[in-house]
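**Q** Sequence and predicted model, in that order:
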4 protein chains.
Amino acid sequence: MQAGAAIPTQAMAELSGLDQLRGLVDGRFPQPTMDATLGFRLVAVDEGRAVIEGAPTAAMLNPFGTVHGGWAASVLDSALGYAIHSTLAPGEYLATLEIKINLTRAIQPGMAGLTATGTIVTRGRRVAVSEARMVDGEGRIYAHGSCTCLLLAL
Amino acid sequence: MQAGAAIPTQAMAELSGLDQLRGLVDGRFPQPTMDATLGFRLVAVDEGRAVIEGAPTAAMLNPFGTVHGGWAASVLDSALGYAIHSTLAPGEYLATLEIKINLTRAIQPGMAGLTATGTIVTRGRRVAVSEARMVDGEGRIYAHGSCTCLLLAL
Amino acid sequence: MQAGAAIPTQAMAELSGLDQLRGLVDGRFPQPTMDATLGFRLVAVDEGRAVIEGAPTAAMLNPFGTVHGGWAASVLDSALGYAIHSTLAPGEYLATLEIKINLTRAIQPGMAGLTATGTIVTRGRRVAVSEARMVDGEGRIYAHGSCTCLLLAL
Amino acid sequence: MQAGAAIPTQAMAELSGLDQLRGLVDGRFPQPTMDATLGFRLVAVDEGRAVIEGAPTAAMLNPFGTVHGGWAASVLDSALGYAIHSTLAPGEYLATLEIKINLTRAIQPGMAGLTATGTIVTRGRRVAVSEARMVDGEGRIYAHGSCTCLLLAL
């Protein structure tokens, strides 16, 4: 646990993952700094499901002037991880082992209304897998992917 | 091609991918904005190989206070894409279809000396694949992965 | 197109992908030989969706005596590819660029009732992506994954 | 551990992974049944590295008459897993969590001289990652990929 942690170690020990994430949504815990840097935030969470809204800007472009693939990867990584995080018992935490992202449509700076929803696929005792999709208001898919997380005890 | 493109459309039409990237390295073309936002930059490029140096800061943290997985994904996405970009003929460009990243060691804010090297694996007429690793000065691997790109004509 | 092709070149030129696959389901075209070798077969297909049933045997074991991961990968590769195949116009074909499979539960030889369903995620002009899950009769997920295909003209 | 296990439970408890695999190479342990079914076998192993030779036949075709993608996935899954297996201490075993395979060149039935080499990328206490490539005698790459394994105690 680092100085810049949005979720304090004590909250991780005492709260379920779902309650920790509710604390992010309702502002009891500060936003993780990456979220502000890349213009996204967790807006809703249930057990096994997390929703992130994001709005990429001209500060997040690749050499060709469209939004860098790392932006979608970052947003999906959060959605994927939070979907699993929401299933943690007090005292559990997770480490993301791998993420796999398909980039299916170019994202333009200034686009609004992009939403990434992560949902759990399988949740074992030691390993969990989730998947996520990023869509716009018309349901067009801009990116989607999956991740594998290791579940650990504090 | 967008307003914020680091590589102008004319350069894409007239220069090889390798020469375009050399223009990024030596400053003839401006850095892509994502690179400044996330603290990394292309420092060396050859045909089929690209090297990026990065230094994550406290502005790029996940909820637990370590560096967000999206940071490594963004750096590797650039290294992977540039390795393929360096093989493009004038008038060709690429679209990244998918990236797959393993996160093998936690990255701390303030770490210096992280280097990601992308190398081409296969390069066909329509599709290319590359792989990349991010290591520190002692050669420890923090993340690695691969990507698949579609090759297109302007 | 090879000597051992289950779908003749003429059928690929004249029939939609969906009609080609219906020919596999109803027996007008012979089963691909891999299906018999590994004990699975396409049992249902709609546009954008394909269902495979499989029953692994003692001829498909890894060194530890459970079913080799390649069995699930083969079944899912078929389900993923067929889901995209079902969207092809006459004269189109596909090349699978990559598959990514999570193995979430050990598969035992002799298990019956394993079903893998592939569904399309995105379908562009040149590239399509699908995902698939393998479940048993109780809905437990044994493996799932995604693939990226390139779409080509004969 | 199942009835059809090539590596007996006692050998897993008493031998290092490397010695177990040497037993497969030199014939002290029987080949896993999948290897015979799909025409491949482990031919060499060192710590962190495993080499498989395979020869696909007309019994392993997809609907188009080329070799099914599941064949390369099966061979690479073995090469990837064995590379990690070769690092196990007595009493350790592994579970493959995910594999990711790029299929870069069509494989024809009857091709000889295909070799898949798996090598370890990172090896932690609980998780290991490996990568593998399948090449022919001229070094052309037909498939390559990576896997993530969980390490466990018997």
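**A** Yes, it's here.
**Q** neighbours around the nearest residue to residue A:129 once chain neighbours are set aside, how many?
**A** Nearest residue to residue A:129 in three dimensions, chain neighbours excluded: residue A:121, at 4.5 Å (Cβ to Cβ, 6 or more residues apart in numbering or on different chains). C-beta: built from backbone N, CA, C; applies to glycine. When neighbours are defined as other Cβ atoms under 10 Å in any protein chain shown, residue A:121 has 22 of them.
**Q** before we move on, what about the one 3 residues further on?
**A** Other residues near residue A:124 number 11, with proximity taken as other Cβ under 10 Å.
**Q** What score does it have for pLDDT?
**A** Turning to residue A:124, the model gives it a pLDDT of 97.
**Q** which residues sit in contact with it?
**A** Applying Cβ atoms under 8 Å, 6 or more residues apart in numbering or on different chains, we find residue A:124 in contact with A:151, C:104.
**Q** Is stretch A:38-45 in proximity to chain B?
**A** Yes: shown here: stretch A:38-45 in contact with chain B (Cβ under 8 Å from any Cβ of the partner chain) through residue A:38.
**Q** For that stretch, give me every contacting residue.
**A** Contacts of stretch A:38-45 (Cβ under 8 Å, 6+ apart): A:18, A:21-22, A:24-25, A:31, A:35, A:50-57, A:60, A:71, A:74-75, A:78, A:82, A:86, A:116, B:37, B:70.
**Q** Could you rerun that using 6 Å?
**A** Contacts of stretch A:38-45 with the rest of the structure, by Cβ atoms under 6 Å, 6 or more residues apart in numbering or on different chains, involve A:21, A:24-25, A:35, A:51-57, A:71, A:74-75, A:86.
**Q** cool, stretch A:87-101 as well?
**A** By Cβ under 6 Å, 6+ apart, stretch A:87-101 touches A:13-17, A:48, A:73, A:76-77, A:81, A:84, A:123, A:143, A:145-154, B:69, B:99-103, C:100, D:148.
**Q** re the thing from before, which single one of the contacts of stretch A:38-45 is nearest to residue D:128?
**A** Taking Cβ to Cβ as the measure, residue A:74 is the one of the contacts of stretch A:38-45 closest to residue D:128, at 25.8 Å.
**Q** The closest one - how many residues pack around it?
**A** 34.
**Q** And residue A:44, by the same measure?
**A** That count, for residue A:44 with other Cβ under 10 Å as the rule, works out to 15.
**Q** quick one: pLDDT of it?
**A** 98.
**Q** ok so it is a helix residue?
**A** No: counting by DSSP: H, G, I helix; E, B strand; the rest coil, residue A:44 falls outside a helix, being strand.
**Q** Contacts only, for the residue lying closest to residue A:50 once chain neighbours are set aside.
**A** In space, and not counting its chain neighbours, residue A:50 is closest to residue A:82: 3.4 Å by Cβ to Cβ, 6+ apart. When the contact criterion is Cβ under 6 Å, 6+ apart, the partners of residue A:82 are A:21, A:50, A:118.
**Q** give me that answer again for 7 Å
**A** Counting by Cβ atoms under 7 Å, 6 or more residues apart in numbering or on different chains, residue A:82 touches A:21, A:42, A:45, A:50, A:118.
**Q** Around the closest residue in space to residue A:66 that isn't next to it in sequence, count how many other residues there are.
**A** Excluding the flanking residues, the one nearest residue A:66 by Cβ to Cβ, 6+ apart is residue A:106, at 4.8 Å. Residue A:106 has 15 neighbours, counted by other Cβ under 10 Å.
**Q** secondary structure element for residue A:120?
**A** strand A:114-123 (DSSP states H and E).
**Q** Check residue A:100 too.
**A** Counting by DSSP H and E, residue A:100 is found in strand A:92-103.
**Q** try residue A:24
**A** Using DSSP H and E, residue A:24 falls in helix A:17-25.
**Q** Report all helices and strands that that helix contacts.
**A** helix A:9-14, strand A:40-46, helix A:69-85 (3 or more Cβ pairs under 7 Å, 6 or more residues apart in numbering or on different chains; DSSP states H and E).
**Q** Skip the chain neighbours and tell me the closest residue to the residue of chain A most remote from its centre.
**A** Distance from the C-alpha centroid of chain A, by Cα atoms, centre = their mean, peaks at residue A:64 (25.8 Å). Take residue A:64 and drop its neighbours on the chain: the residue closest to it by Cβ to Cβ, 6+ apart is residue B:5, 5.4 Å away.
**Q** Number of residues surrounding that neighbour?
**A** 20.
**Q** Next, it: secondary structure please.
**A** coil.
**Q** So which bits of chain A are right by chain C?
**A** For chain A, the residues in contact with chain C (Cβ under 7 Å from any Cβ of the partner chain) are A:100, A:102, A:104, A:121-122, A:129, A:141, A:144, A:146, A:148.
**Q** hmm, try it at 8 Å
**A** Counting by Cβ under 8 Å from any Cβ, chain A sits next to chain C at A:100, A:102, A:104-105, A:121-122, A:124, A:127, A:129, A:131, A:133, A:141, A:144-146, A:148.
**Q** Of those, which count as buried by neighbour count?
**A** A:100, A:102, A:104, A:121-122, A:127, A:129, A:131, A:133, A:144-146, A:148 (16 or more other Cβ atoms under 10 Å in any protein chain shown).
**Q** Any chance of CSV for these, columns distance to residue B:137?
**A** Listed next are these as CSV, based on distance: Cβ to Cβ, whole Å:
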residue, distance to residue B:137
A:100, 29
A:102, 33
A:104, 37
A:121, 38
A:122, 38
A:127, 32
A:129, 34
A:131, 36
A:133, 38
A:144, 36
A:145, 31
A:146, 32
A:148, 29
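**Q** Residue A:37 against residue B:36, yeah?
**A** No: using Cβ atoms under 8 Å, residue A:37 makes no contact with residue B:36, being 11.2 Å away.
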